[in-house]
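Asker: Quick one, what's the 3D model for this:
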Amino acid sequence: MSVTSETIVTAPGGTEVGLTRPLILLFAVSVGIIVTNVFAPQTLVGLIGPAFGLTTAGSGLVATATLLGYAAGLFLLVPLADLVENRWLIVRMLGCAAACAGLVTLAPTAAALLAILFLLGAACSAIQILVPIAASMAPPERRGRVIGDVMSGLMVGILLSRPLASAVADGFGWRAFYAGSGLVMGLLTLVLALRLPRRRPAGRIGYAALIASLWHLLRTETVLRTRALTASLVMAAFSAFWTAVALRLAQPPFELSQRGIALFALVGAGGAAVTPLFGRAGDRGWTRPATVASHIAIVVAFAGAAWGGAGAGAAGVGSLILLVASAVLLDVGATGDQMLGRYAINQLRPEARGRLNGLFVGLFFLGGAAGSALAGIAWSIGGWPLICLIGAGFGLAALVVDILGRAR
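Answerer: All right, here's what the predicted structure looks like:
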């Protein structure tokens, strides 16, 4: 089941290619654009569900379908990056994503819509093929910086997807968002077909053996297990906060409108600006202390969010500022954990980078799904204080893993 570690990266013309700043920018912009399709449905469910006659419970499937598709792509499609030429694979996956985004606007029934959204999510897992390409092209001493720069685009895309979708839907309707996304994804597919380097995996194994090797990697790579566990805990905390904070902001004393909540999310996205800094910390050998700092930041963020969410301060202004600061700090902590986790796993087996990234992201997505589900239950039982307690608990659990597992 083993493969050789060598991969070949060439320009479209066949010559060897170096990792230039414009190429890094292309990677960052690409992953930022693609990921908006994965998280935007979370803010559109209130519009899409009623359009298809779905109940409140049924409307939740709109966001779930895309996330489930993305998870399926991580485990079943992304490993192909270790088997077939990567540019060929990415262009075809993104072409499918562009077509699916366009088809969403024409879906005749709820069942058809959910099926298309599932396929859209699966095709968007191409993100996790772009990141290993960038990592494979970077020299070891610059790998953390390059991954950090690319990941900054991804984190900005995640954090801006909700306010962007809200703004477009508020002005033009939810179908306009998907129509625009289909057009942008189509243009991106053409650009990547022309500019993306080729990456040819040296390994030659069958698809069944490739998928079977996922368990082998998870069982044998301690760093992967440790980093995936902390990332799952952090993503659970992150998802719990962003799932429930809109509910709290709609209540007194804040009483924010949909636009106000979108603006809150936009300001909170400022935490993504630190992503490159964590990449540089990895290059300097500061992975462990930076990881511990990230998890402490998450605990502190939820403490601040609990205080701000209590609604103290004149007209709630002081409380709102504290909530914004807590959101930014939470994003900093989550970004740091994810960035440093990617840095660590991309130092492992070059021949398995597609599978390693697919496993890492797939596992922390499960944590995010658990956090979102738990947030709904916690909100109905104990409201915002219980949300903050659970989120801080996830952060503390990640910190314990640091101490016991000595995450690298």
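
Asker: hey, which helix is longest across the chain?
Answerer: helix 353-405 (DSSP state H).

Asker: Just the mean pLDDT for that one, thanks.
Answerer: Average pLDDT, helix 353-405: 87.

Asker: in whichever helix or strand residue 213 is part of, what's buried?
Answerer: In this assignment (DSSP states H and E), residue 213 forms part of helix 207-220. Within helix 207-220, the residues scored as buried using 16 or more other CB atoms under 10 Å are 210, 213-214, 217-218. (C-beta placed from N, C-alpha, C; glycine too.)

Asker: which secondary structure elements does that helix contact?
Answerer: Helix 207-220 sits against helix 56-76, helix 222-249, helix 353-405, with contacts defined as 3 or more CB pairs under 8 Å, 6 or more residues apart in numbering; DSSP states H and E.

Asker: what number of residues lie near the residue nearest to residue 267 when sequence neighbours are not counted?
Answerer: Spatial nearest neighbour of residue 267, excluding adjacent residues (CB to CB, 6 or more residues apart in numbering): residue 324 at 5.5 Å. Residues within reach of residue 324, counting by other CB atoms under 10 Å, total 18.

Asker: Tell me if I'm right that residue 324 and residue 266 touch.
Answerer: No. Between residue 324 and residue 266 there is no contact under CB atoms under 8 Å: 10.3 Å.

Asker: wait, residue 150 sits on residue 23?
Answerer: No. The criterion here is CB under 8 Å, and residue 150 misses it with residue 23 at 10.1 Å.

Asker: In terms of packing, which of those two has more residues around it?
Answerer: Taking other CB under 10 Å, residue 150 and residue 23 do not tie; residue 150 has more neighbours (30 against 19).

Asker: which residues does that one contact?
Answerer: Neighbouring residues of residue 150 by CB atoms under 8 Å, 6 or more residues apart in numbering: 24, 27-28, 31, 130-131, 134.

Asker: Take those residues and keep only those in helices.
Answerer: 24, 27-28, 31, 130-131, 134.

Asker: Now tabulate the residues you listed in a markdown table and tack on pLDDT.
Answerer: Compiled in a markdown table, the ones in helices among the contacts of residue 150 are given as follows (pLDDT from 0 to 100):
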| residue | pLDDT |
| --- | --- |
| 24 | 90 |
| 27 | 93 |
| 28 | 92 |
| 31 | 94 |
| 130 | 91 |
| 131 | 82 |
| 134 | 85 |
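
Asker: From residue 145, how far off is residue 339?
Answerer: Per CB to CB, to the nearest Å, residue 339 is found 11 Å from residue 145.

Asker: list residues touching both of the two?
Answerer: With the criterion set as CB under 8 Å, 6+ apart, the overlap between the contacts of residue 339 and residue 145 is residue 279.

Asker: Looking only at neighbour counts, state which of those two leads.
Answerer: residue 339 (30 against 21).

Asker: So what's the residue count around the closest residue to residue 279 other than its chain neighbours?
Answerer: Leaving aside its chain neighbours, residue 279 sits nearest to residue 148 (2.0 Å; criterion: CB to CB, 6+ apart). Neighbour count for residue 148, taken as other CB under 10 Å: 26.

Asker: do residue 130 as well
Answerer: Neighbour tally, residue 130, other CB under 10 Å: 25.

Asker: Distance of residue 259 relative to residue 330?
Answerer: For residue 259, the distance to residue 330 - CB to CB - is 22 Å.

Asker: ugh, typo on my part, it should be residue 348
Answerer: As judged by CB to CB, residue 348 and residue 330 stand 28 Å apart.

Asker: just residue 142 next, same as before
Answerer: 29 Å.

Asker: Please identify which of those two sits among more neighbours.
Answerer: Between residue 142 and residue 330, counted using other CB under 10 Å, the more crowded position is residue 330 (28 against 15).

Asker: wait, isn't that one in contact with residue 305?
Answerer: Yes. At 7.4 Å, residue 330 and residue 305 qualify as touching, with contact defined as CB under 8 Å.

Asker: who touches both of those two?
Answerer: Counting by CB under 8 Å, 6+ apart, the contacts common to residue 330 and residue 305 are 241, 391.

Asker: Give the buried residues for the strand or helix carrying residue 36.
Answerer: Secondary structure from DSSP H and E places residue 36 in helix 21-39. Buried residues in helix 21-39, defined by neighbour count with 16+ other CB under 10 Å: 23-24, 26-39.

Asker: Out of those residues, flag the one nearest to residue 248.
Answerer: residue 39 (19.4 Å; CB to CB).

Asker: Distance of that closest one relative to residue 239?
Answerer: Residue 39 is 10 Å from residue 239, by CB to CB.

Asker: likewise residue 334?
Answerer: Counting by CB to CB - residue 334 and residue 239 are separated by 10 Å.
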